[in-house]
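**Student:** below: sequence and its predicted model.
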Amino acid sequence: MFITDYIVRTLRAEWLVPSVGSSVDLTNKNVVGGEGSTSTNTSNASNTNHSNSGSVSEELKYHEVEQYHYLMWKDFVAPEHPVGILAFLRRMNEAHSHEKGPLLVHCSAGVGRTGTLVALDSLVMELDDEKQASVYNLICDLRHQRNFLVQSLKQYVFIHRALMEYAQFGSTEQTPQQLREAYVKHVNQVQQQHASPILFTEFDLLSKVIEERKAFTIATSEENKSRNRYDYVLPYDSNRVILSPVAGKPVNTYINASFVSGFDLDEYFIVTQDPLENTVSDFWRMIFEQDVTTIVMLSELGSGDDLCARYWPEDDEEAQHDNVIVKLISSESYPKFSSRVFQVSHSKNGGGRQVTQFQYVGWSGQMGEVPVGTYGIMELINRVHSHIHANLSSSMPAPVVLHCSGGGDRCSVYVCLNNCLRQLRREARVDVFQIARKIRSMRQFMLQEPTQYEFCYKALIEYIDSKGLDNI
């Protein structure tokens, strides 16, 4: 089972043993099975083995093991965010008990990542019990037991960072019932004109999260300024989309677009601004080069800074942008959104595919405002999700391109709701705070208004009501 940054597997080992009072050669009879139940136990089953000396009674024994496999951690370094590893530790400890025996932890050499995880687990427990923790002393103790545990400075710093985050915020996961209680309390406080309604206070904590400073030198270079709609919504160098050069044109790999994580490995996004007249070709190059098959447009058509210019051709017409040819094949209208299907091909290599665009039409108003109701945007998210998985043609999914005026405001609400829904369906709990925090760390101007954060809670509560999930 995939869960955001990690996967959980249930492994079952089976073997045959002679029953008491009999003897038989069982060499090479060990069997390793696939996925089974989630319990960990050893059990017996009867079996009979026929040999030259007669019948020998045998027993089939098996042992089930849960494996928690963290996927987003390279050797010698540390995870980008403490959020995933802290959640990973919680899941491990929820499933484990001392009666089941020790936890087995391993990585390539069994020192760097292994030492970091073991140290963090011990320090979190120390912090809970004693309200303080000594990173240096604990790691010294660990290194007396195994050399080089916690192998690099980055891992040592990460432990401090993760502990600080745990001490500051603790666990912010909520069950559907807890989510409802928080939202109802917030609404009552707003109605009573409370000075600090609970969700607005929670939102303010997002600004207190300490993140490493990220550079956006490419976006602010003189040659790229004209490619940005706003000078305050820019992609970071570390996760920007890089275009391939076009033969015969000055080399420029820049587009105002950022890779943004989904909830799990099945889905991720490219968040970008509405195409400008001078960046439409760059937009379609990105669509082709990144193998995109789904576009979500969260803005209205029109002219001006806050409206999106039409970047696709009329019915049955073709438009060429550098080497990319775009043709509109079909379109459909729904109550809150419309869809269009384009044929996108390359004039040089002949490759092509269909790309579906979903345009949401129920979101008017200025930056920072939210839709009047939640149904339309939730229906769009579900429709896009169904479309992606119905057309999944490989084990590695292509990114979904989201765009709004500056590529931060509305897109961030969409990503937050999408990721919260995925977690709610997968785990029967949700961490709105940490999902919002992670999104904000990936691109400027993401989830900047408390009303956007409040809207996410409202939409999730209405989804829970519609699905009867209160008691899960």
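**Tutor:** The structure has been received and is ready for your questions. Residues are numbered from 1 along each chain as shown.

**Student:** the protein: strands as residue ranges?
**Tutor:** 2-3, 6-18, 31-33, 42-51, 54-70, 240-242, 254-261, 268-273, 294-297, 318-321, 324-333, 337-346, 352-360, 400-404 (DSSP state E).

**Student:** got CSV for these, with mean neighbour count and mean pLDDT too?
**Tutor:** C-beta: built from backbone N, CA, C; applies to glycine. Converted to CSV, these look like this (neighbours: other C-beta atoms under 10 Å; pLDDT from 0 to 100):
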stretch, mean neighbour count, mean pLDDT
strand 2-3, 17, 52
strand 6-18, 16, 92
strand 31-33, 11, 37
strand 42-51, 11, 52
strand 54-70, 14, 86
strand 240-242, 18, 98
strand 254-261, 24, 97
strand 268-273, 25, 97
strand 294-297, 23, 98
strand 318-321, 15, 96
strand 324-333, 16, 96
strand 337-346, 18, 96
strand 352-360, 19, 96
strand 400-404, 25, 98
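
**Student:** closest to N419 out of these?
**Tutor:** Of all the strands of the chain, strand 254-261 sits nearest to N419, with 7.9 Å by C-beta to C-beta.

**Student:** give me the residues contacting that closest one.
**Tutor:** 218-219, 221, 223-224, 227-229, 233-236, 239-241, 243, 268-273, 279, 282-283, 285-286, 399, 401, 407, 415, 419, 438-439, 442-443 (C-beta atoms under 8 Å, 6 or more residues apart in numbering).

**Student:** list the contacts for the most centrally placed residue in the chain?
**Tutor:** Against the mean C-alpha coordinate of the chain, by C-alpha atoms, centre = their mean, the closest residue is F263 at 2.7 Å. By C-beta under 8 Å, 6+ apart, F263 lies in contact with T4, N418, N419, R422, Q423, R426, I435.

**Student:** which of those are buried? Put it as a ChimeraX command.
**Tutor:** Selection of the buried residues among these in ChimeraX, burial being defined by 16 or more other C-beta atoms under 10 Å:
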select :4,418,419,422,423,435
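
**Student:** tabulate the contacts of F263 (TSV), appending pLDDT and distance to D306.
**Tutor:** Shown next, in TSV, are the contacts of F263 (pLDDT from 0 to 100; distance: C-beta to C-beta, whole Å):
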residue	pLDDT	distance to D306
T4	66	34
N418	97	23
N419	97	26
R422	94	30
Q423	94	32
R426	90	36
I435	96	27
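
**Student:** pick the one among the contacts of F263 closest to E314.
**Tutor:** N418 (31.1 Å).

**Student:** and the gap between the closest one and L392?
**Tutor:** The gap separating N418 from L392 is 16 Å, by C-beta to C-beta, to the nearest Å.

**Student:** which non-adjacent residue is nearest Q67?
**Tutor:** R9 (4.5 Å; C-beta to C-beta, 6 or more residues apart in numbering).

**Student:** I'd guessed that neighbour sits against L71; true?
**Tutor:** No: in this structure R9 lies outside contact range of L71 using C-beta atoms under 8 Å: 12.0 Å.

**Student:** now the residue nearest to the centre of the chain: how far from I270?
**Tutor:** In terms of C-beta to C-beta, F263 sits 16 Å off from I270.

**Student:** please parse this protein into its domains.
**Tutor:** 62-169, 203-467 (the TED database).

**Student:** what's the span of the last one, first residue to last?
**Tutor:** Read it as domain 203-467. 27 Å (C-alpha to C-alpha, to the nearest Å).

**Student:** next one: that domain to chain centre, how far?
**Tutor:** 15 Å (C-alpha atoms, centre = their mean, to the nearest Å).

**Student:** repeat for the first one
**Tutor:** Relative to its chain's centre, domain 62-169 lies at 21 Å (C-alpha atoms, centre = their mean).

**Student:** lowest-confidence helix or strand of the chain?
**Tutor:** strand 31-33 (a mean of 37; mean pLDDT, DSSP states H and E).
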